[in-house]
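>>> okay, here's the prediction I keep looking at, along with the sequence it came from:
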Protein chains: 2
Amino acid sequence: MCVVLLSGGLDSATCLALVTRWGWTVHALSFDYGQRHRVELAAARVLARLYRAASHRVIPIPAFGALGGSALTDRAIRVPKFALGKSRIPVTYVPARNTLFLAFALAFAETRRATEIVIGANALDYSGYPDCRPDFLAAFGRVARLGTKAGREGRGFRIRAPLLAMTKADIVRLALALGLDPSLTTSCYDPGKNGRACGKCDACLIRAKGLAEAGANDDSKQLK
Amino acid sequence: MCVVLLSGGLDSATCLALVTRWGWTVHALSFDYGQRHRVELAAARVLARLYRAASHRVIPIPAFGALGGSALTDRAIRVPKFALGKSRIPVTYVPARNTLFLAFALAFAETRRATEIVIGANALDYSGYPDCRPDFLAAFGRVARLGTKAGREGRGFRIRAPLLAMTKADIVRLALALGLDPSLTTSCYDPGKNGRACGKCDACLIRAKGLAEAGANDDSKQLK
């Protein structure tokens, strides 16, 4: 049994498809944290149903978005366009986001007696976020073991990031091999009012490059 | 500048008094997570005002309490009375609570450019919670450094637990030396409808023992 952090993006959707293929029972968690690209939650709901997750919760964290400090939650900060790789850690970084998401996943996993926590982090073709890197995930694994009753009693938890060492093209190939239609997912950080992807932010650029390299369709079909 | 996790209990209040004495600017954080002893938030508000915190936020985490799995958040689980030390980790343990609180504190600290995160954890006269122990706090410190932009850029964070190696009597003595009136704080896990401490739960028993050992007044004055 596992808890899957399901944003509605390509990576987490591929994780969901993968562990479902493995036969794991999935509890999916999504977060409504004031993100600019809240449309991703619609994609997450569709995916959770499609893959028959045992449960899917959308956890509201109103206070988180209100902190600001990121282009993804603060409307006063513009999402950079055509700026991929121009800063080591871009302004779309959300302070401590994955630490917070993993903390919720850990609480949820412990109450449900799930031992695996699945996150779609990948550290090759990615935006440079510190909380997607292997050393961070290993450190959180230690927190999970030491900071919980289950961990101290030896049941433990594993933080699983099956895509960690994959390029975006690898991920697209895996998604396609699993029969996941990428157009059910959405990656854009700055969708228009109609929910359409902008095609210019880091997330759109990385996605488009991965799809192209994998010989998949172009990205005109991100969730509308 | 620091972020203080302020529950409204004796330990976090003593931390607040201590770092205020040190001259630190304090941003206080409390959490409304469906806890049975929600009356502690009233104490937290009084303390934050008394010590002139630069800010005090009460962060709602409705989804957390709804997870259940703890006598503190699940009304179907009774808070044990006169049971101190009878189980290694008691049913009042809340799954991954301090991991989640520290994650919020980390996000808040990063946006406010605070480098110190202060938590009233202590590992001597305590309830046996795994997420109050030194190895857990050290592991979270590593997560804080690796999982944030500030940490990766070398600004870093320190998880400060100044009471970690103190007995409850030590903490009472420190509180009194700092001029903190313990009756402004509340420790009870299972207060009555009028907010009065039960006097029988682990938290009440540990508190009463500490007050007695320190030669302080008895505990009849926990926040009403």
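Cool, got the structure.
>>> show me the strands in chain A, by range?
Assigned by DSSP state E, chain A shows strands spanning A:2-5, A:26-32, A:55-60, A:116-118, A:158-160.
>>> looking at these, which one is packed in the most?
Between the strands of chain A, the one whose residues have the most neighbours on average, counting mean count of other CB atoms under 10 Å in any protein chain shown, is strand A:2-5 (a mean of 26). All C-beta atoms are positioned from the backbone trio N, CA, C, and that covers glycine.
>>> what's next to that one, contact-wise?
When contacts are taken as CB atoms under 8 Å, 6 or more residues apart in numbering or on different chains, the neighbours of strand A:2-5 outside the stretch itself are A:12, A:15-16, A:19, A:24-30, A:53, A:101-102, A:105, A:108-109, A:112, A:114-120, A:160.
>>> could you list the low-pLDDT ranges of chain A?
Segments of chain A classed as low confidence (criterion: pLDDT under 70) are A:217-224.
>>> before we move on, back to that, can you redo the strands of chain A as TSV with distance to B:Ala175?
Written out in TSV, the entries for these read as follows (distance: least, CB to CB, whole Å):
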stretch	distance to B:Ala175
strand A:2-5	40
strand A:26-32	38
strand A:55-60	36
strand A:116-118	38
strand A:158-160	38
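>>> what is the burial count for the residue nearest to A:Arg155 when sequence neighbours are not counted?
Spatially, and ignoring its direct neighbours in sequence, A:Arg155 is nearest to A:Thr115 (6.4 Å; CB to CB, 6 or more residues apart in numbering or on different chains). Other residues lying near A:Thr115 total 17 when counted by other CB atoms under 10 Å in any protein chain shown.
>>> was I right about A:Thr115 contacting A:Gly151?
No - between A:Thr115 and A:Gly151 there is no contact under CB atoms under 8 Å: 10.0 Å.
>>> what residues are shared contacts of the two?
In contact with both A:Thr115 and A:Gly151: A:Phe157, using CB under 8 Å, 6+ apart.
>>> tell me who's in contact with the residue with the largest distance to the centre of chain A.
For chain A, the residue at maximal distance from the C-alpha centroid (CA atoms, centre = their mean) is A:Glu153, at 29.4 Å. Residues counted as contacts of A:Glu153 (CB under 8 Å, 6+ apart) are B:Ile89.
>>> and if you look at A:Ala71?
Neighbouring residues of A:Ala71 by CB under 8 Å, 6+ apart: A:Arg36, A:Ile77, A:Arg78, A:Val79, A:Pro80, A:Pro90, A:Val91, A:Thr92, A:Tyr189.
>>> pull the most distant pair out of the residues you listed.
Farthest-apart pair in the contacts of A:Ala71 is A:Arg36 and A:Pro90; separation 13.7 Å (CB to CB).
>>> now do the longest helix anywhere in chain A: which elements does it pack against?
In chain A, taking DSSP state H as the definition, the longest helix is helix A:97-112. Here helix A:97-112 touches strand A:2-5, strand A:26-32, strand A:116-118, helix A:134-146, helix B:62-67, helix B:97-112, going by 3 or more CB pairs under 8 Å, 6 or more residues apart in numbering or on different chains; DSSP states H and E.
>>> and the first one, which strands flank it?
Sheet pairing here is set by DSSP bridges, and for strand A:2-5 it gives strand A:26-32 (parallel), strand A:116-118 (parallel).
>>> could these go into JSON lines alongside distance to B:Arg97?
What follows is the strands paired with strand A:2-5, written out as JSON lines (distance: least, CB to CB, whole Å):
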{"stretch": "strand A:26-32", "distance to B:Arg97": "17"}
{"stretch": "strand A:116-118", "distance to B:Arg97": "17"}
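>>> for A:Arg133, which non-adjacent residue is closest in space?
Closest to A:Arg133 by CB to CB, 6+ apart is A:Ala123, at 5.2 Å.
>>> er, A:Ala54 actually
Sequence neighbours aside, A:Thr25 is the residue nearest to A:Ala54 in space, at 5.1 Å (criterion: CB to CB, 6+ apart).
>>> now for that neighbour, how many residues are close by?
A count of neighbours around A:Thr25, defined by other CB under 10 Å, yields 14.
>>> and it, how far is that from chain B?
For A:Thr25, the distance to chain B equals 17 Å [CB to the nearest CB, to the nearest Å].
>>> surely that residue meets A:Arg52?
No - the pair A:Thr25 and A:Arg52 fails to qualify as a contact (CB under 8 Å) at a distance of 9.8 Å.
>>> hang on, the earlier thing: the longest helix of chain A: how far from the chain's middle?
When C-alpha coordinates are averaged (CA atoms, centre = their mean, to the nearest Å), helix A:97-112 and its chain have centres 14 Å apart.
>>> check stretch A:33-48 too.
Its chain's average C-alpha position is 11 Å from that of stretch A:33-48, according to CA atoms, centre = their mean.
>>> ends of it, how far apart?
For stretch A:33-48, the first and last residues are 19 Å from each other (CA to CA, to the nearest Å).
>>> and that stretch, what's buried?
Within stretch A:33-48, the residues scored as buried using 16 or more other CB atoms under 10 Å in any protein chain shown are A:33-37, A:39-41, A:43-45, A:47-48.
>>> ok, back up a step: deepest of the helices and strands packed on helix A:97-112, which one?
strand A:2-5 comes out most buried of the helices and strands packed on helix A:97-112 by mean count of other CB under 10 Å, with a mean of 26.
>>> got a list of what the residue nearest to A:Arg155 touches?
With contact set as CB under 8 Å, 6+ apart, A:Thr115 has these partners: A:Met1, A:Cys2, A:Ala109, A:Ala150, A:Arg155, A:Gly156, A:Phe157, A:Arg158.
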